[in-house]
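Peer 1: fold the following.
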Amino acid sequence: MGHLDHATFGWLTPVLSYVMACTGAALGLRCTVRALASTGRARRNWLLTAASALGTGIWTMHFVAMLGFGVSGTDIRYDVSLTILSLLVAVLVVTAGVFAVGYGRNRNRALLAGGLTTGLGVASMHYLGMAAVRLHGDVHYDPTLVGFSVLIAVAAATAALWAALNIRSPAAVTVASLVMGAAVSSMHYTGMFAVSVHVTPSATALPGATAMQFIFPLAVGLGSYLFLTFAFVALSPTAGERAASASAQRPVAGAAR
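Peer 2: You can find the predicted model right below:
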């Protein structure tokens, strides 16, 4: 049985992964607030931005945390195709959940459907990402902890969508983002504690890429996307600010005539 280490770099990867989860959550919430105050193409674009932020934030949290994952007695590699597929799954299912809430006529029904869909999708992303792990040995899962991690994912997704519908002030969004980041991180580590590995020593080279060759550059790229998008959203005027600006300009235009 191989010894599993979930923090080979100490607290660096758990803390950084939590920061990424909170950043994605905060950006997703702010964009959804903007979307619900908009109509037409603007609403669609804000919802797409919210979904990409939440999806990439969750995925980046998972794989930043995986940078600290190690198993004694074996190297670890990652299947590139499955890893990218896990990213696509994360973004697509979050998009489905966000659009269900953004366009649903019955908000309670949309919240439940969106939360269930998104939660199951996030759990699928996690375990698809784990399926991408290549090592010398066999990976096993504790069914009880796996089920618990899925329940946490559904609860976290539902809470995120509820917050998107009901929270407006920046301070409340900040608090909700911290809570959501903790929930998503809890789901990840609950799923990781469900893992056990029976190592089979071998001199055969493992297929796939190392975390530093592939996952680290991709996580840095997605993290940069989140922070740049966050800056863009922070600097973009809200619907209320645009309306106030237009209202302030009308008397000036009238006086000019």
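
Peer 1: tell me how far Leu92 lies from Val122.
Peer 2: Note on Leu92: its distance to Val122, by Cβ to Cβ, to the nearest Å, is 11 Å. No exception for glycine: its C-beta is placed from N, CA and C like everyone else's.

Peer 1: these two: which is more packed in?
Peer 2: Val122 (30 against 14; other Cβ atoms under 10 Å).

Peer 1: and the more buried one, which of the three is it?
Peer 2: helix (DSSP: H, G, I helix; E, B strand; the rest coil).

Peer 1: what's the nearest residue to it if we skip its chain neighbours?
Peer 2: Residue nearest to Val122 in three dimensions, not counting chain neighbours: Ala153, with 4.5 Å by Cβ to Cβ, 6 or more residues apart in numbering.

Peer 1: just checking, the one you found touches Met125?
Peer 2: No - Ala153 sits out of contact with Met125 when judged by Cβ atoms under 8 Å, with a separation of 9.0 Å.

Peer 1: what sits opposite Val133 in the beta ladder?
Peer 2: Tyr78 (DSSP bridges).

Peer 1: could you report the neighbour count for it?
Peer 2: 21.

Peer 1: got the contact list for it?
Peer 2: Ile76, Arg77, Tyr78, Asp79, Val139 (Cβ atoms under 8 Å, 6 or more residues apart in numbering).

Peer 1: quick one, phi psi at the first one?
Peer 2: Listed backbone geometry of Ile76 is phi -130, psi 130, with angles given as degrees, to the nearest 10.

Peer 1: also Asp79?
Peer 2: Torsion angles, degrees, to the nearest 10, at Asp79: phi -70, psi 120.

Peer 1: what's the neighbour count on it?
Peer 2: 18.

Peer 1: for it, which non-adjacent residue is closest in space?
Peer 2: Nearest non-adjacent residue to Asp79 (Cβ to Cβ, 6+ apart): Ala132, at 4.3 Å.

Peer 1: burial of that neighbour, as a residue count?
Peer 2: The burial count for Ala132: 23, using other Cβ under 10 Å.

Peer 1: distance of it relative to Pro207?
Peer 2: Applying Cβ to Cβ to Ala132 and Pro207 gives a distance of 11 Å.
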